[in-house]
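Engineer: sequence first, then the predicted structure:
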Amino acid sequence: MIPVLHEALCNGQRLRLFRPPADGTDFPWHAMDDLHACLGLPAELRRTIMRGIRSQVIVHTVATADGIVTIAPHFMAYGLIEGAIERGHAPAWAEKEYRLSMVVAMKKMTAHLGEAGSLGFAIAAARRQADDDGGAA
């Protein structure tokens, strides 16, 4: 079972963030259903997204204290957030709330590294995600 690294509110909805499923430098991952709720996505759109995404290797289904959850990397959230804001599903400030939640989660995840080590970890994670997603990090 994977524990929640950080839980926050985004647009009035619960957002759970987790340590990445693989070792190495990476940003915290988000619970996809939580992010969909934060963005106010309609149920049918949520189902369509999940059907299309679950077959991709990049997302992971994990057991949590709350049940089975599909988690996805940070870079996938940004495209979804931008699209939801652009289409009027979510307010523009939802992106800021997501980003601030990620900052807190990242601090928790890297607290043992000290300030310089945490910054180095974040830079390496950004480089890794830029490589993984074609440069959108």
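Structural biologist: That came in fine, so what should we check first? Numbering: from 1, shown residues only.
Engineer: from the contact counts, what lies against the lowest-mean-pLDDT helix or strand in the chain?
Structural biologist: Taking mean pLDDT, DSSP states H and E as the measure, the helices and strands of the chain show their lowest mean at helix 43-53, namely a mean of 80. Other elements packing on helix 43-53 under the criterion 3 or more C-beta pairs under 8 Å, 6 or more residues apart in numbering; DSSP states H and E are helix 32-38, strand 67-72. Every residue, glycine included, has its C-beta placed from N, CA and C.
Engineer: among the ones you listed, which is nearest residue 123?
Structural biologist: For residue 123, the closest of the helices and strands packed on helix 43-53 is strand 67-72, at 21.6 Å, according to C-beta to C-beta.
Engineer: which outside residues touch the following helix or strand past that closest one?
Structural biologist: Using DSSP states H and E, the helix or strand that follows strand 67-72 in sequence is helix 74-86. The list of residues contacting helix 74-86 from outside it, by C-beta atoms under 8 Å, 6 or more residues apart in numbering, reads 26-30, 35-36, 39-41, 49, 58-59, 90-92, 94-95, 98, 102, 129, 132-133, 136-137.
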